[in-house]
Structure formats: C-alpha cells, structure tokens
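Student: Please work out how this folds:
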Amino acid sequence: MQVKVSQAISMVTGFIQAKLVPMLVGSPGCGKSQIIHQIAKEYNLKVIDLRLSQCDPTDLSGFPTTKGNKAGYLPMETFPIEGDKIPEGYSGWMLFLDEMNAASPAVQAAAYKLVLDRMVGIYHLHKNVAIACAGNLETDNAIVQPMSTALQSRLVHLELVVDVKEWLDWSAINHIDHRITSYINFKPGNLYTFSPDHSDKTYACPRTWEFANRVLEIMDIDSPDLLPMLAGTVSEGVAREFIGFTKIYKDLPTIPQIVASPNTIKVPAEPSILFALTGSISHNANKDNFESLMKYVARLPIEFQVVCLRETIRRNKALAGHPSVQQWISTSAANIF
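Tutor: Numbering: from 1, shown residues only. Below is the predicted model of the structure:
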C-alpha cells in the first residue's frame, strides 16, 4: 500500500509496538531512512544502521567458533543480545536493516532468523531492540535482488510516496531556505524528478534538496561556483531554473518598504514573482510587523493570500492566533469557498 511520510511514521511505529517488522520501500531519496531515524529519536532508541547489501551472511548469523569439542556461532558485537546493558541515555536500540532487498540471497536467508525469531545464532536479541527494514522499488533500476516469499511473509510492507504538502511542512520545521520552499510552491513537480531511466547522475528529491539547502547556507547566490555545486545535488536543469528563480528576489519590495507603505506598494502580477514575494514575507513575518504585512497580503490575488498565510504559519505557528489572521478569515473566507 502506498503511504505518505506522516502515515508511514504512524504505521511503522504501530508495527514495531505490535512486535512486527516493517519493510518500507520507495524510490531513492524519498525519505525512508529519515523516517526510521526520526522514530528512533522520538522513542530514544540508539540506531544500529546495517546496509545489508554490504553484509556477509556471518554478519547476521554469527561468527563460527568452537567450544571444547563443539562448534557454534558468536554474535557480532553489532547486535545487542539478552543481558547486554542498555547504553546510557537510551531506552533501547533501533536495528535498521537497510537495503534489505539489495542483499544477496545468502544474506537474505540469514536475515530470516533475525527477523522472525529475533535471534543471532543461538542468542536472543535484547528485548529492547526494535527492528525495521527498508529497500528500493524493483521498478527503479536500483540494485534489487528478488526476495523469497518466505522472507516477504515475515515482513509487513509499506510503499512510501513523496507528498509536496508534507515536505513543505517538514521544511518549515527544519528551517529549509525559504527560496527553496518558494520555488517548490512555484514548481511542485521539481520536488521529486526521479525517473528509472534518468540520464543525469543526480536528480531532485527530498534528500538532494536538503543537500542544496546546505550549499545555500555557505554560498552566495551570485557565486560562480553555485551552479555546479547545486547541479551536483538537484541536477543541472533544476539548478539553473532554481537560480533563475532566486534572481527575482533582487527586484522585490523589501520588508521594511512593505511595512512602511502596505497600502501603496505595488503588487506584482507575474506568478513567479508572487511566489517569491510570499516566500519572503512568510520568512520575515513576526508579531511586530505582521499587522502591516497582512494589509499588503490582503491586496494579493486570493490564491497567493492563501499561499502566503499558509507558509507564514508553517514557519511561525504563534502567528496563527494573531488578530490579523482572524480578520482575514472573516473577510476572505467567502472568496475561497
């Protein structure tokens, strides 16, 4: 079943609480690993991140050894087993078996016992170990090995899909540059451009937009190095378009100008400029200037009033209770519904 990020977080958490092992699949860069790490952080679990495509069967089943005249297996130090002390500051562990369906058949077979019986060789995992798996879709030209029906039946499966609204909610919480979020509002299709037959070495996706955000934190928008650096994250075509979009900001009225003359400052007509403008307003709005800014926002086309107010509250939830918002709702609701 296809699910959004918020649904996946809730469902994966529920599966773990029910002592089931979730298998989260999705196209590269859509946020699978981030979901597992977020859940682990919420429940104070130390993440053990195992990339099964790089593992050997003995990594999961244990290392062959002898004791007297008998042979056995010693578990790798990776796995917390019964009797191990929980690390200080944590409530347990999140055993994240990533790239499950990229693992060799032998490694997948070794995972049976770990997933179903919670055992490494003859040793039981610690009771405070949660297990979650992830992998790519077979249709995405990623490295994928067929999973046996025996292993498939030991997992509960969810397919993650990218949702623009949810990503914008996430981006506000995580302080993604407002120029990026304004651009995605303008061109939502460029949040995720992955295609199985893509020819570029990279593509735009939630993960690479986060990389682009890091680049913007250290680079000036006019730097000649910005294009090749952004091209290395979200692809050259999207990078060129995004940089072109950011040039709009130079011609926007400044926030002090809008605050000083909200009833007379010119309102642009071009959609790209309006998206940039709403992004600038939402980024700079605060309790001291919001009343004046809302007077100007009320002069924008109604659809951009909605965009601006939505992005502002995403970034500053305290402004949702501002009298200007209530006044806007009472006067503008009829124009929306």
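Student: Please report how far the residue of the chain most remote from its centre lies from Gly121.
Tutor: For the chain, the residue at maximal distance from the C-alpha centroid (C-alpha atoms, centre = their mean) is Asn69, at 51.9 Å. Taking C-beta to C-beta, to the nearest Å as the measure, Asn69 falls 18 Å from Gly121. C-beta coordinates here come from the backbone N, C-alpha and C atoms, glycine included.
Student: residue contacts, the closest residue in space to Leu116 that isn't next to it in sequence?
Tutor: Counting by C-beta to C-beta, 6 or more residues apart in numbering, Leu116 lies nearest to Arg154, which is 4.8 Å off, once chain neighbours are set aside. Contact analysis of Arg154 by C-beta atoms under 8 Å, 6 or more residues apart in numbering lists Val21, Tyr112, Val115, Leu116.
Student: Could you identify the most distant pair in those residues?
Tutor: Val21 and Tyr112 (11.1 Å; C-beta to C-beta).
Student: Which residue, other than its chain neighbours, is closest to Ile248?
Tutor: When the adjacent residues along the chain are set aside, Ile248 lies closest to Ala276, with 4.4 Å between them (C-beta to C-beta, 6+ apart).
Student: Name the helix or strand for the one you found, please.
Tutor: helix 271-284 (DSSP states H and E).
Student: That helix packs against which elements?
Tutor: The contact analysis (3 or more C-beta pairs under 8 Å, 6 or more residues apart in numbering; DSSP states H and E) places helix 271-284 against helix 178-186, helix 236-246, helix 255-260, helix 290-297, helix 302-315.
Student: Flag every buried residue along the third one.
Tutor: Burial within helix 255-260, assessed by neighbour count using 16 or more other C-beta atoms under 10 Å, is assigned to Ile255, Ile258, Val259.
Student: and which of these is nearest to Ser332?
Tutor: Among those, and counting by C-beta to C-beta, the member closest to Ser332 is Ile258, at 18.6 Å.
Student: any weak-confidence spans in this protein?
Tutor: In the prediction, the chain carries residues with pLDDT under 70 at positions 66, 71-73, 141-142, 198, 333-337.
Student: mind listing the strands for it?
Tutor: 2-3, 22-25, 45-51, 63-67, 70-74, 92-98, 119-120, 123-124, 129-135, 156-160 (DSSP state E).
Student: Using a markdown table, lay out those together with distance to Ile329 and mean neighbour count.
Tutor: Below are those laid out as a markdown table (distance: least, C-beta to C-beta, whole Å; neighbours: other C-beta atoms under 10 Å):
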| stretch | distance to Ile329 | mean neighbour count |
| --- | --- | --- |
| strand 2-3 | 32 | 14 |
| strand 22-25 | 38 | 24 |
| strand 45-51 | 41 | 18 |
| strand 63-67 | 65 | 10 |
| strand 70-74 | 65 | 12 |
| strand 92-98 | 42 | 23 |
| strand 119-120 | 58 | 20 |
| strand 123-124 | 57 | 16 |
| strand 129-135 | 41 | 24 |
| strand 156-160 | 34 | 17 |
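Student: returning to that earlier point: the more surrounded of Val21 and Tyr112?
Tutor: Higher neighbour count among Val21 and Tyr112: Val21, with 21 against 15, using other C-beta atoms under 10 Å.
Student: pretty sure the more buried one is in contact with Ile131, am I right?
Tutor: Yes - in this structure, Val21 is within contact of Ile131 by C-beta atoms under 8 Å, at 4.9 Å.
Student: intersection of neighbour lists for those two?
Tutor: What both Val21 and Ile131 touch, as defined by C-beta under 8 Å, 6+ apart, is the set Val115.
Student: Would you format the helices and strands packed on helix 271-284 as a markdown table with distance to Val162 included?
Tutor: Output for the helices and strands packed on helix 271-284, formatted as a markdown table (distance: least, C-beta to C-beta, whole Å):
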| stretch | distance to Val162 |
| --- | --- |
| helix 178-186 | 11 |
| helix 236-246 | 15 |
| helix 255-260 | 32 |
| helix 290-297 | 29 |
| helix 302-315 | 18 |
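Student: any idea how far stretch 140-152 is from the chain center?
Tutor: Computed by C-alpha atoms, centre = their mean, to the nearest Å, the separation of stretch 140-152 from the middle of its chain amounts to 23 Å.
Student: Kindly apply the preceding question to stretch 152-163 instead.
Tutor: Per C-alpha atoms, centre = their mean, the displacement of stretch 152-163 from the mean C-alpha position of its chain is 16 Å.
Student: Ok, stretch 13-27 next?
Tutor: In terms of C-alpha atoms, centre = their mean, the gap separating the centre of stretch 13-27 from the centre of its chain is 17 Å.
Student: Cool, thanks, talk later.
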